[in-house]
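sequence first, predicted coordinates after that:
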Amino acid sequence: HGDLSARILVTEPRTTEVGSLQRAINTMLTQNESSFAAQVVAQERMTRFVSDASHELRTPLAAIRGYGELYRMGGVPANKTGEVMGRIETESNRMGRLVDDLLQLARIDEGREMSMEPVNLTDLAAGALSDMMVLAPERDCGLIPLDPRDEAAGKEAPSLQVIGDRDRLSQILTNLLGNVVRHTPSGTPVEIAIGMAPPRANPTAQPVVVVEVRDHGPGITPEHARLAFVRQWRAGPYAGAGIGLHLTQALVAAHGGSVEFVPVDGPGAAVQVRLPRS
């Protein structure tokens, strides 16, 4: 009747033919149950991937289709052709980034292994900020120590190392900085603060490296901060990417860490990433 957990009652010793058959049938039933369970998980992953793809790609596809139809119908003046083609290119690039993010999420859902090695997180942060200064030259970017006393004393951010996948760790920082560019006013500064978390009362606790991406935009409400990492959530600031922050959370979790919005003094918001040092 569809109960895959059902087993036959073992009534005879293993040494008898009937007892051996009873156990063999139960082994077969267990294997069947495992196979069906794996199939259900695979179907759920595929359903979620299709749902994510249709949800995320709808907007850029609609924009590309709309601009294409407008151009075909002769509704684009000659002096606006370059602008319209630029919008189509922008939306297609956005669609490409969304596809990459969706594939990353699918790989994480499948539990694929990452290439773990010692990575200097401070160097990665400096490189991410250098890229941002090229893409958004109107913004002041800074790499600062996490401890405000060290910052006030003019010290540089400490050089800290973690064990992780270099490309995925770089993607975490790129995603968070990209979120700042999309959702804060042009020209507002951004900082990455890095340092060690305060030691815990437990002397055997693993040391934790903290990285904070801080902006000076409109900020975020506590409710939105709680929901911002939910898959496909779209509301308020910092949520326009749909899966960007959720992907960031998944990548951080794959490294054994955590990520959240933390309170800041004054306007703006800060996303804090905590990673085990070793």
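Arrived safely, thanks for sending.

count of neighbours near Arg200?
11 (other C-beta atoms under 10 Å). All C-beta spots, glycine's among them, are computed from the backbone N, C-alpha and C.

for Gln161, give me phi and psi.
Dihedral pair for Gln161: phi -120, psi 140, per degrees, to the nearest 10.

in the stretch 51-200 of the chain, which spans are strands?
Counting by DSSP state E, counting those that start in this stretch, residue ranges of the strands within the stretch 51-200 of the chain are 117-120, 141-145, 161-164, 190-196.

with respect to Leu102, which of those lies nearest?
strand 161-164 (22.0 Å; C-beta to C-beta).

show me the shaky parts of the stretch 101-250 of the chain.
109-111, 201-204, 231-243 (pLDDT under 70).

just the helices from it, written as ranges.
121-135, 148-152, 166-183, 222-227, 244-254 (DSSP state H, counting those that start in this stretch).

wait, which of those helices is closest to Ala37?
Closest to Ala37 of these, according to C-beta to C-beta: helix 244-254, at 22.5 Å.

so how far is Leu124 from Val209?
Using C-beta to C-beta, to the nearest Å, Val209 is found at 11 Å from Leu124.

repeat for Ser5
Per C-beta to C-beta, Ser5 is found 48 Å from Leu124.

name the residue in those two with the higher neighbour count.
Leu124 (21 against 7).

now do the contacts for Leu247.
Residues in contact with Leu247 (C-beta atoms under 8 Å, 6 or more residues apart in numbering) are 101, 104-105, 108, 175.

of all the residues you listed, which two lie farthest apart?
Ile108 and Asn175 (13.5 Å).

more neighbours, those two?
Asn175 (23 against 16).

need the contact list for that one.
Contacts for Asn175 (C-beta under 8 Å, 6+ apart) come out as 244-245, 247-248.

turn the residues you listed into CSV, including distance to Thr90.
Listed next are the contacts of Asn175 as CSV, based on distance: C-beta to C-beta, whole Å:
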residue, distance to Thr90
Gly244, 17
Leu245, 21
Leu247, 21
Thr248, 22
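
going by neighbour count, which of those comes out on top?
Per-residue neighbour counts (other C-beta under 10 Å) across the contacts of Asn175 peak at Thr248, which has 25 neighbours.

measure it to Ala254 for me?
In terms of C-beta to C-beta, Thr248 sits 11 Å off from Ala254.

with Gly219 instead?
Distance from Gly219 to Ala254, by C-beta to C-beta: 29 Å.
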